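Trainee: the sequence and its predicted three-dimensional model are supplied below.
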Amino acid sequence: MSGDGPPRYLDANQIVYLPAWARYAVMVVLGALALSACIAGLAFFFFPANYDKITPTLSIAQTAAGAFALVLFVLFAERELSTEKLLRKTDVFLEQQMADGLRKIEIPQLRPGVTVDVDVVQRASTVHGGRKDIFGANYEIRLGEFKMRMWVGINVKRLSVIYFVNAADESAVDFYEEKFHFTFAGAAKLGYDTNFQYAEINGERFVSIWSTVMADKVILGNPSEQLFWIQDVAMMTQSFIRTAVRERLDAYTSIEPGPL
């Protein structure tokens, strides 16, 4: 790889993962080699005739120790992203990290210097995996009398955010596109694709605002990418809320936001 290119992270797709028994076998062999070479090198100090063997023996020990450390990192580092680990990281991302990011939102029009309360809406025990619509979660955001819900979904590299806003009829689509223009125009510069769709469910009319972005790198397992997108979603949501409060728009629906 050229040294002029952007910094790269280990790609889970480019690493061959060995079964557990093979990983431990490699560790044992390298560890035993390093230990035996060290012992042999020290033992040679007591035999003057073998002084010429000390340097190569310790070199072997040093090489084995370095290989031991490298194998330890490659085989057991966080970049070992199996499907099971990705699913666990998805849960942590949605239920802890994203929720904490949203809790930093402020609405100065309502309460200056106070951040919002955020709850992750828990799914029923009958929902396999506990996720809302395959790979997402609902959040309820509150501050004083203000309350709204939103949905965030992450599919490894694709991040989606959905807001529902009450509407009288289909003409509300154009109305909301105008009101939230600056919120989503800014998001578009980062690659977000935002759509507005009118819908009616169980007699409740609303406009679904769906914003999706495809990250350049895998988000899960990459701390800098996770922090960037968490804070970006929080900033976009803060702009959405402040606009809704300023324009007196009803952003709370009894229908939980999610893909239609």
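Mentor: Noted; the coordinates are in hand. Everything quoted here is computed from the prediction, not taken from an experiment.
Trainee: contacts, neighbours, all on C-alpha from now
Mentor: Fine.
Trainee: for residue 225, give me its contacts.
Mentor: 217-219 (C-alpha atoms under 8 Å, 6 or more residues apart in numbering).
Trainee: and which of the residues you listed is nearest residue 121?
Mentor: Within the contacts of residue 225, distances to residue 121 taken as C-alpha to C-alpha reach their minimum at residue 219, with 22.7 Å.
Trainee: does the closest one really touch residue 155, like I thought?
Mentor: No: with contact defined as C-alpha atoms under 8 Å, residue 219 and residue 155 do not form a contacting pair (9.1 Å).
Trainee: the two: who's more crowded?
Mentor: Set residue 219 next to residue 155 and count neighbours by other C-alpha atoms under 10 Å: residue 219 wins out with 24 against 17.
Trainee: so how far is residue 258 from that one?
Mentor: Residue 219 sits 21 Å away from residue 258 when distances are taken as C-alpha to C-alpha, to the nearest Å.
Trainee: ok so, going back, quick one: the contacts of residue 225 as JSON lines, columns for pLDDT too.
Mentor: JSON lines is the format used below for the contacts of residue 225 (pLDDT from 0 to 100):
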{"residue": "217", "pLDDT": "82"}
{"residue": "218", "pLDDT": "82"}
{"residue": "219", "pLDDT": "90"}
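Trainee: hey, where'd the strands end up in the stretch 1-150 of the chain?
Mentor: Using DSSP state E, counting those that start in this stretch, the strands of the stretch 1-150 of the chain run over 117-120, 136-143, 146-155.
Trainee: helix/strand/coil for residue 210?
Mentor: Judged by DSSP: H, G, I helix; E, B strand; the rest coil, the three-state class of residue 210 is strand.
Trainee: run through the bridge partners of the residue nearest to it when sequence neighbours are not counted.
Mentor: Nearest-residue entry for residue 210: residue 162, 4.5 Å, with adjacent residues in sequence omitted and distances by C-alpha to C-alpha, 6 or more residues apart in numbering. When bridges are taken as DSSP bridges, the partners of residue 162 come out as residue 151, residue 210.
Trainee: surely residue 162 touches residue 154?
Mentor: No: here residue 162 lies out of contact with residue 154, judged by C-alpha under 8 Å, at a distance of 11.8 Å.
Trainee: phi first, then psi, for residue 104.
Mentor: Summarising the backbone geometry of residue 104 under the convention degrees, to the nearest 10, its torsions are phi -90, psi 0.
Trainee: residues contacting it?
Mentor: When contacts are taken as C-alpha under 8 Å, 6+ apart, residue 104 is in contact with 115-116, 234.
Trainee: ok, these vs residue 39, which is closest?
Mentor: Relative to residue 39, the closest of these is residue 234; by C-alpha to C-alpha it sits at 56.6 Å.
Trainee: give me the neighbour count for the closest one.
Mentor: By the other C-alpha under 10 Å criterion, the neighbourhood of residue 234 contains 19 residues.
Trainee: so it sits against residue 97, correct?
Mentor: No: with contact taken as C-alpha under 8 Å, residue 234 and residue 97 are classed as non-touching, separated by 11.0 Å.
Trainee: what residue ranges in this protein score low on pLDDT?
Mentor: Screening the chain residue by residue with the criterion pLDDT under 70, one finds the ranges 1-23, 26-27, 30, 33-34, 37-38, 40-55, 57-58, 60-62, 64-81.
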